[in-house]
Structures are given as C-alpha cells and as structure tokens.
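*Asks:* Here you go, sequence then predicted model.
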Amino acid sequence: MTNLNFFAVDLGATSGRTILGSLVDGKLVQRELTRFPNPIIETGGHFFWDIYALYNEVVRGLKVVATEGIEIASIGIDTWGVDFVMIGKDGGVLRNPYCYRDPHTDGAMEEFFKRVPKEKVYEKTGIQFMQFNSLFQLATLKRNHDSALEAADKILFVPDALTYMLTGEAVCEYTILSTSQLLDPRTKRMDPELLEAVGLKESQFGRYVQPGEVVGQLSAEVQKITGLGAVPVVAVAGHDTGSAVAAVPAENERFAYLSCGTWSLLGVETKDAIINEQSYANNFTNEGGIEGTTRFLKNICGMWLLERCRKEWMDAPADVNQINQDSMEAEAFRSFIFPDAPDFANPVSMVEAIQNYCRRTGQPVPEDYRAMARCIFESLAMRYRQVLGYLKEMAPFPIEKLHVIGGGSRNGYLMQMAANSIGMPVVTGPVEGTAIGNIMLQAKAAGVVSDIFEMRGIIADSIETKTYLPQETERWEKAYAEYEKVTK
C-alpha cells in the first residue's frame, strides 16, 4: 500500500480541529495539527456561526502543512448538520449562517405543517422532526422575508460552503443534504414539493456529489495564501456523523452505533431507508451513509448537558476526567432527567434547568456538581436503553453489541453505565472516529482502499478498542422502571 498523507478538517458544534492522517504500511497514523473553539455568536437577537473564522482556521492548518513541507494527497471537510450559508450572485457570502440553536424556528414546524402535512413530510423524507432542520429554518427565513435568502443565488451546507471557499466549486454533498429534511432517500434528490414550499429551486444547492468524490482543487488564491499547490478537495461524508459511522470497526452488520459527543446519535446501518408508522411514531431519522447505505438513527442530547454545566460550576475541577470520577461519589439513581426535553435545548442556565426539572417531577434536586454529573450520566444511559429498544423492534437484523465512537467514549464510567443499562456489550473506539472516517474516505478517493470493508479492516488494525460488559443488571432494571415513570 502506498504511503499517503491526508488533511482532514473536523468541525463540531463547540470546537474544530485539523488533522494529518497518514496511511503507513497499511495502518492509519493521525496527528492533530491545530485545534480551535467554534463559539456561537449572539448578536441582534440571533445566534450565528462565524464562517470566515472557520475558513481562516482551515487555512491556518494548511499553512502548518506547507511550513513543514508535508505533501498531502487531498483535503476533506466534515461538520455538524442542517446549517447553511447563502451565497450571492457575485459569489460572495451574504451573511454569517444562523446557528441551529437560534430560537427563530420556535413554532416553525407547526406553521409549515399548515402547508404540507406532517405525515406527508415524513413519508417523503424519513427524517425525524426537529425544529432546527434546514427545511424549517428555510421556511422561517422565507416567512420573515429574510434579505439574505431573497438575494441568495446558492445555498450551501456548512462543509460545502467551506469547500466552495477553498475551490470555488458549489456542490451539495449527499450525507449533509440528508440532514436537511429536503431529501427523498429513495430518489436521492431533493423533493420538488418541499422545495416549492420554501420557494427554492434544486439548482440553488449546487451539483450533487457523493462521499469519496473529488470536488475540485485549491483555488489560485488559496494556493498563494497557504503556500500549497493545486491539492484536490474531496467530498467526504460531509455530515460528521456520516464520517464517524464510516469509522466503526464492526465485524458484521449486527451492531448499533453511538456517536457520543455534543450530541449522542444512536442507530444502525441499513441498506435501505426505514419509513413506516413505527419509525414515524418514534421520530427516527434516515440519513445518508457511504456507499449507498442509510444511517437509521435518533438524535439524543449528549455531552452538551455536561459542557454547559461545566461553564457554570464554580467548585468543580477543570479536568473533565476528574469530574467524571467525582460523580461516582454521588448517590446512584437519586434523580433522572429526560435528556431530550425542551428544557435543555439552549437554556440560559443548564444547572437551573436540570434543578427545575427535578423539582417539577418531584425528585431530589442535585445541588453540587457531583450529583448533577451523575444525574446526567445515568439519564443518558437510560435514554440509550430506551432508544435501543425501539431500534431492536425496527432493525432488519438482531443487534448484538453497541459500538461507541467519539469523545464521550473516553468516559469509562458512562460507558459502563451504558452497558449496564442496555444489557449488552459496549465496545468503545475509535475516539476520533469522525476524523478517521474523513481520512479513510479520502483514501478511497485516492484509490488506496476499495470499499467500506477494507476501510474498516484497516481501522480495526490501527486502533485499540475496549469492551464493557453488563453488570448489576437487576439493579439497573429497577432503576430503568423509575426513569420511565419520572420522564414519561
């Protein structure tokens, strides 16, 4: 196997990184080049992302590569889903993109369903209903006569917008498009009726591309700025979860995956979309995967709960690992929250939101960081069991284990709780799943690997995994009954 270097940009909803991935003698080696915050900007009563700052960070990472004289085969970008950037007829960015946590979409779903019924929207797209889905963001902007939308020549999802800023090529990558609730998973194109409902045309989203497809090369401007040559830019799985799931070192199809980060995304990988009454009732989503697969999953609020609390805790240690350990000193199963309650979407104070939820549901109120962290971890583990139960009923195969990828897999206490709660083995790793999937899809574009099976084989040989087996199952069974009672 030829030794090659790949440049991966991995942008999350709180931070971003640039990573150098190298395939050396058939194994993957990674090196973090830069890391940077991705703060939500609040101004004028709205929440935005700074697309220019993100572009600048990508360029900064590329400059490191050039300064060190590293030859890279390609560049790939993955980000969170649903958000988009509007481009004018002159090719310029019209405004920083709205953040999906902006409250302007409050009530947007109900308003949209007056035009296209809810059941019809789900039948068309198979996407779970969340008020920040691109469909409802666009409908809100249209209803508010948003000046940027009215002037937009192109609408590019965040990874595609950054690719455009690097190459000048306007594309619409399949996996990131699939998060929008505009895509028909059967035709793999945007639904005409939904487009008409938001007053847009398919051509405004750029040409369709699939993961592993070369989009273009660094523009002359970017080559001059970075000191690099005409490096190809590859459409990886632009949605970070799509790249992460591509990195699951699974032996066969009989697994569920949990991408554990700011969000927890729990699902299975299937050949076809699952769109039926049960998936509609349980609000499951069908998002695009690599090589024509579907990621049938459900979004669960994740480490967002803990990260927001950490910003408020005055007495907690700065080291998150110490917080995790200290949480074990608190009483078990003392209080639970429903992680996906609207209370926790973007409260002014997450600590108060959790405390108020516990008061409202007649439970002991966690007063210190230890009790609150334990409440968060146990509640997440219970929610994993709940959602996995739905998956078991709908998956076209038996589920034998749960693969956990992402930063949350470092929390061994949470991982053991998850195994105890779901009653099956939990296998953790890779931690940097998103970046690994991004890199391996670039390797596929370069012709170094042929398919997902070879990708996963290389990943399995390149990383260490850890397995957690269920413990104290009777005790967790009783606690789950209490969780259901409290959160019903």
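*Replies:* The structure has been received and is ready for your questions. Computed from a predicted structure; not experimentally measured.
*Asks:* And for L218, the neighbour number?
*Replies:* Close neighbours of L218, defined as other CB atoms under 10 Å, add up to 21. Every C-beta, even on glycine, is put in place using the N, C-alpha and C of the backbone.
*Asks:* residues touching the residue nearest to it when sequence neighbours are not counted, list them.
*Replies:* Leaving out its chain neighbours, the residue that sits closest to L218 by CB to CB, 6 or more residues apart in numbering is V231, at 5.1 Å. Applying CB atoms under 8 Å, 6 or more residues apart in numbering, we find V231 in contact with 7, 72-75, 217-218.
*Asks:* ok, of these, which one's closest to Q322?
*Replies:* F7 (33.7 Å; CB to CB).
*Asks:* where's that closest one relative to V171, distance?
*Replies:* As judged by CB to CB, to the nearest Å, F7 and V171 stand 18 Å apart.
*Asks:* Can you check the pLDDT for M1?
*Replies:* On the pLDDT scale, M1 is placed at 49.
*Asks:* cool, the one 3 residues further on as well?
*Replies:* At L4, the pLDDT value in this model is 93.
*Asks:* residues contacting it?
*Replies:* Shown in contact with L4 (CB under 8 Å, 6+ apart): 22-23, 73, 443, 446, 448.
*Asks:* Quick one: the strands in the stretch 1-150 of the chain, in order.
*Replies:* 4-11, 15-24, 27-37, 41-43, 46-48, 74-78, 84-87 (DSSP state E, counting those that start in this stretch).
*Asks:* Please produce CSV containing those strands, extended by distance to R385.
*Replies:* Shown next, in CSV, are the strands of the stretch 1-150 of the chain (distance: least, CB to CB, whole Å):
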stretch, distance to R385
strand 4-11, 29
strand 15-24, 29
strand 27-37, 32
strand 41-43, 36
strand 46-48, 32
strand 74-78, 29
strand 84-87, 34
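*Asks:* okay, those, which one's buried deepest?
*Replies:* When you average the neighbours per residue for each of those (mean count of other CB atoms under 10 Å), strand 74-78 leads with a mean of 29.
*Asks:* can you list contacts of that one?
*Replies:* 6-11, 58, 62, 159, 162-163, 166, 214, 218, 231-240, 242-243, 434, 437-439, 441-442, 445-446.
*Asks:* can you give me the strands in the stretch 201-350 of the chain?
*Replies:* Taking DSSP E, counting those that start in this stretch, the strands of the stretch 201-350 of the chain run over residues 207-209, 213-217, 232-235, 255-260, 263-270, 285-288, 294-301.
*Asks:* buried residues in the shortest one?
*Replies:* Yep, that's strand 207-209 we're talking about. Within strand 207-209, the residues scored as buried using 16 or more other CB atoms under 10 Å are 208-209.
*Asks:* before we move on, back to that, quick check: PyMOL command selecting the buried ones in the contacts of strand 74-78.
*Replies:* Filtering the contacts of strand 74-78 down to the buried ones (16+ other CB under 10 Å) takes a single PyMOL command:
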select buried, resi 6+7+8+9+10+11+58+62+159+162+163+166+218+231+232+233+234+235+236+237+238+239+240+242+243+434+437+438+439+441+442+445+446
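*Asks:* Counting neighbours, what do you get for the residue nearest to G407 when sequence neighbours are not counted?
*Replies:* Once flanking residues are discounted, G407 sits nearest to G261: 5.3 Å by CB to CB, 6+ apart. By other CB under 10 Å, 24 other residues sit near G261.
*Asks:* Now the strands of the stretch 201-350 of the chain in JSON lines, please, with extra columns for distance to F132.
*Replies:* Shown next, in JSON lines, are those (distance: least, CB to CB, whole Å):
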{"stretch": "strand 207-209", "distance to F132": "23"}
{"stretch": "strand 213-217", "distance to F132": "26"}
{"stretch": "strand 232-235", "distance to F132": "24"}
{"stretch": "strand 255-260", "distance to F132": "18"}
{"stretch": "strand 263-270", "distance to F132": "12"}
{"stretch": "strand 285-288", "distance to F132": "13"}
{"stretch": "strand 294-301", "distance to F132": "10"}
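*Asks:* Which one of those strands lies nearest to S178?
*Replies:* Among those, the nearest to S178 by CB to CB is strand 285-288 (3.6 Å).
*Asks:* Which other helices and strands does that closest one contact?
*Replies:* helix 174-177, helix 240-246, strand 294-301 (3 or more CB pairs under 8 Å, 6 or more residues apart in numbering; DSSP states H and E).
*Asks:* can you tell which of the ones you listed is closest to Y100?
*Replies:* Taking CB to CB, strand 294-301 is the member of the helices and strands packed on strand 285-288 nearest to Y100, at 11.2 Å.
*Asks:* Show me what the closest one is packed against.
*Replies:* helix 240-246, strand 263-270, strand 285-288, helix 369-394.
*Asks:* centre of the chain versus the first one, how much separation?
*Replies:* Right, helix 240-246. Remark: helix 240-246 is offset 8 Å from the chain centroid, using CA atoms, centre = their mean, to the nearest Å.
*Asks:* again, but for the last one
*Replies:* On the basis of CA atoms, centre = their mean, the separation between the geometric centre of helix 369-394 and that of its chain is 18 Å.
*Asks:* Perfect, I'm done here.
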